[in-house]
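J.: When you get a sec, could you give me coordinates for this:
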Amino acid sequence: MADSEVESQSPDPGAVEEPLFTTLDIVLFTFIVGLLIYWFMSRQKKEEIPEFKKLTAVAPPVRETSFIEKMKKTNRNIVVFYGSQTGTAEEFSNRLAKDAQRYGMRGMAADPEEYDLSELSRLSEINNSLALFCMATYGEGDPTDNAQDFYDWLQETDAELEGVNYTVFALGNKTYEHYNAMGKYVDKRLAELGATRIFDLGMGDDDGNLEEDFVSWREQFWPAVCEHFGVEATGEESSIRQYELVLHTDINMNKVYTGELGRLKSFETQKPPFDSKNPFLAPVTANRKLNKGGSRHLMHVELEISSSKIRYDSGDHVAVYPINDASVVNKIGDILGVDLDTVISLNNLDEESNKRHPFPCPATYRTALMHYLDVSNPPRTNVLYELAQYATDPKDQETMRKMASSSPEGKALYHSWVLDSRRNILAILEDMPSLRPPIDHLCELMPRLQARYYSIASSSKVHANTIHICAVVVEYETKTGRTNKGVATNWLKNKVVTDNGHKSTVPMYVRKSQFRLPFKSSNPVIMIGPGTGIAPFMGFIQERGLLKEQGKEVGETVLFYGCRHRGEDFLYQEELEEFEKAGVLTQLNVAFSRDQEHKVYVQHLLKQNKEHLWKLIHSENAHIYICGDARNMARDVQTAFYEIAEEEGGLTRTQAVDYIKRLMTKGRYSQDVWS
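T.: Below is the predicted model of the structure:
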């Protein structure tokens, strides 16, 4: 372009003289123009830099991932890590962290998912320091979701933990095969790495009384801490508020939470990926009663996930976030004489805490009590202790403090008056007229309402766009004559497909499970699931049916199912009989427990089929699956398999037990059970 411009400027062709610009001039001119363009462009870029700096200046601070630096900065010497799936271990951790100040120490509760646990070896840099671990076990001896990385690190590390003081409290359930496996592993592994255990491993059993186990352990734990560090209790009780109340009288309601679990307005503008902090609002596409009679309500609910990018496998769990009964919440508001539509925030008095609020804030009291707080379960002893100060009748105050104590009389009173009578917070307020706590302190103390997990009753290979739930609606009368209703099942029961022209939705996400069909479809499967324990097997059978249709080699598919009466609660009867007719189910064995004089259960049918079952297990590499009640059914079924191994395999009881244990280790004996 420069050349053509130069040529157009040449003089009259008739004149004979040297050209105005030489080649050198043109090269120099081009070079100067290039420099000017470069200078102009770089100048523009430089002008943008202050703007960029301005933007970064207001970016949120990077969250501290070093718990050691945080402890040093905030002058803490006790850190309480929790592995929690349902919130109980987190609750216990907060209580232990709060206890510390009674002994002139400072504690902090910490989610291992938020910190770098490889820094544990640096804990000895802090004087009189202690790491506590409240570790729940999930499923078949697994760590909870938030403790998975910590568990992986413990397995792989060869860190030197000499000089690190620690103690573990484990939370589990004795009815499960791998009772407190995670807590036991953490306790053992930390000792192997050289850390110093300063008090015995605590064992909490949710099949008995988890609260009592924790309180008894805690009563002995703190004196051991005092002895180890040479400190004394200050005598100060820990009834100190953790959060301060802020009333919002003039706030834009678009900035107020209405039930979201993470991001504000996340229920209005849904963005994947969906998980526990960002559930998907799944439309309800079907909700029908499964049983034909009886007093119970067994239901089949279908949730649509087509627009969510959620994927699931047969055997996975769907987690749903329920909402509390509005009538219960309204009664609490009436008794305490408050306007439930008041907008509030509860702000952590510890400004360094990662947990700014006990639930998403700002929110109304109504939203907090409906969506975020557990108002249906009997409150724990620490809640009674803290609330006691608000009872104006000295007798009520004494009773509440007694129930919160570790004395045998106190434990017995708490067990009978609270647990056995299934008194929730509303029942306690109704039965103690002098107890009228401030609602903000009540909201601070109540545990978080947790997701409920259900075994998915469908196969994604057959139903890619829907997730099926099979559940029994919980409703019972308490010893005080009240009717208690299960929060999630009653809420799901009322989820009609369309509500005044709007689609009913359920906040949900999928939790992966180890409950899986064998990799080889030619392996036989033996499924045992009474009642709603049929759920995952509907998915398994659907999947095996599809594989058969596709011409794949499918091994024997045997089902042992149990219900009360053939004419009342034989769930999915038509579908199961169709699968049997098509040869997908090679054996459909149903125990109707109450259709004859002597009760017949699934374990009885197993024994009747012992010869065939032993052949499938011992010679054909069959996989065994059990789903349902852990306390009775799963134990009785396991005993039946011991007896089959003895009778058909000629083993002693010890050998039979070892045989079944080996099947578990190999992943050929799987349980999806609840208590």
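
J.: Who's the closest spatial neighbour of the most centrally placed residue in the chain, skipping the chain neighbours?
T.: Centroid-nearest residue in the chain, with Cα atoms, centre = their mean: residue 85, separated by 3.7 Å. Of all residues beyond its chain neighbours, the one nearest residue 85 is residue 144 (4.2 Å), with distances taken as Cβ to Cβ, 6 or more residues apart in numbering. (Each C-beta comes from the backbone N, C-alpha and C, glycine too.)

J.: what sits against the residue nearest to the centre of the chain?
T.: In this structure, residue 85 makes contact with 136, 138, 144-145, judged by Cβ atoms under 8 Å, 6 or more residues apart in numbering.

J.: which of those residues tops the neighbour count?
T.: Using other Cβ atoms under 10 Å as the neighbour criterion, residue 136 leads these with 29 neighbours.

J.: does that residue count as helix, strand or coil?
T.: strand (DSSP: H, G, I helix; E, B strand; the rest coil).

J.: isn't it right next to residue 168, touching?
T.: No. Under the criterion of Cβ atoms under 8 Å, residue 136 is not in contact with residue 168, lying 11.5 Å apart.

J.: where do the contact lists of the two overlap?
T.: With contacts taken as Cβ under 8 Å, 6+ apart, residue 136 and residue 168 have residue 183 as neighbours in common.

J.: Give me the three-state assignment for the residue nearest to residue 124 when sequence neighbours are not counted.
T.: What sits nearest to residue 124 in space, not counting adjacent residues and going by Cβ to Cβ, 6+ apart, is residue 163, at 3.4 Å. At residue 163 the chain is in coil, as set by three-state DSSP.

J.: Near residue 163, how many residues? Count them for me, please.
T.: One way to gauge burial is a neighbour count; for residue 163, by other Cβ under 10 Å, it gives 14.

J.: And residue 197, by the same measure?
T.: Other residues lying near residue 197 total 14 when counted by other Cβ under 10 Å.

J.: try residue 479
T.: By the measure other Cβ under 10 Å, the count of residues near residue 479 is 11.

J.: what about it, distance to residue 420?
T.: 6 Å (Cβ to Cβ, to the nearest Å).

J.: How about residue 353?
T.: Using Cβ to Cβ, which is the criterion applied here, residue 353 is 36 Å from residue 420.

J.: Looking at these two now, which is surrounded by more residues?
T.: For residue 353 versus residue 420, neighbours defined as other Cβ under 10 Å are more numerous around residue 353 (17 against 12).

J.: give me every residue that touches the more buried one.
T.: Residues in contact with residue 353 (Cβ under 8 Å, 6+ apart) are residue 108.

J.: For it, grab phi and psi.
T.: In terms of degrees, to the nearest 10, the main-chain angles of residue 353 are phi -70, psi 140.

J.: gap between the two ends of stretch 466-485?
T.: End-to-end distance for stretch 466-485: 27 Å, by Cα to Cα, to the nearest Å.

J.: For it, buried residues please.
T.: Buried positions in stretch 466-485, judged by neighbour count with 16 or more other Cβ atoms under 10 Å: 466-473, 484-485.

J.: Just flag the most distant two among those residues.
T.: Across these, no pair lies farther apart than 466 and 484, at 31.0 Å, counting by Cβ to Cβ.

J.: about what we covered before: closest one of the contacts of residue 85 to residue 380?
T.: Of all the contacts of residue 85, the one sitting nearest residue 380 is residue 136; the distance, using Cβ to Cβ, is 15.2 Å.

J.: any idea how far that closest one is from residue 189?
T.: Separation of residue 136 from residue 189 (Cβ to Cβ) stands at 16 Å.

J.: so residue 97 sits in a strand?
T.: No. Applying three-state DSSP, one finds residue 97 to be helix, outside a strand.

J.: Now it. Nearest residue, chain neighbours left out?
T.: Nearest one to residue 97, counting by Cβ to Cβ, 6+ apart, is residue 107 at 3.6 Å.

J.: Could you give the bridge partners of that neighbour?
T.: Each beta-bridge partner of residue 107 is listed here: residue 78, as defined by DSSP bridges.

J.: Check residue 135 too.
T.: When assigned by DSSP bridges, residue 135 has beta-bridge partners residue 83, residue 170.

J.: Near it, how many other residues are there?
T.: Other residues close to residue 135 by other Cβ under 10 Å number 31.

J.: can you pull the contacts of it?
T.: Shown in contact with residue 135 (Cβ under 8 Å, 6+ apart): 82-83, 89, 143-144, 147, 168-171, 182-183, 186.

J.: Could you say which helix or strand holds the closest residue to residue 462 other than its chain neighbours?
T.: What sits nearest to residue 462 in space, not counting adjacent residues and going by Cβ to Cβ, 6+ apart, is residue 542, at 4.4 Å. Under the criterion of DSSP states H and E, residue 542 resides in helix 535-549.
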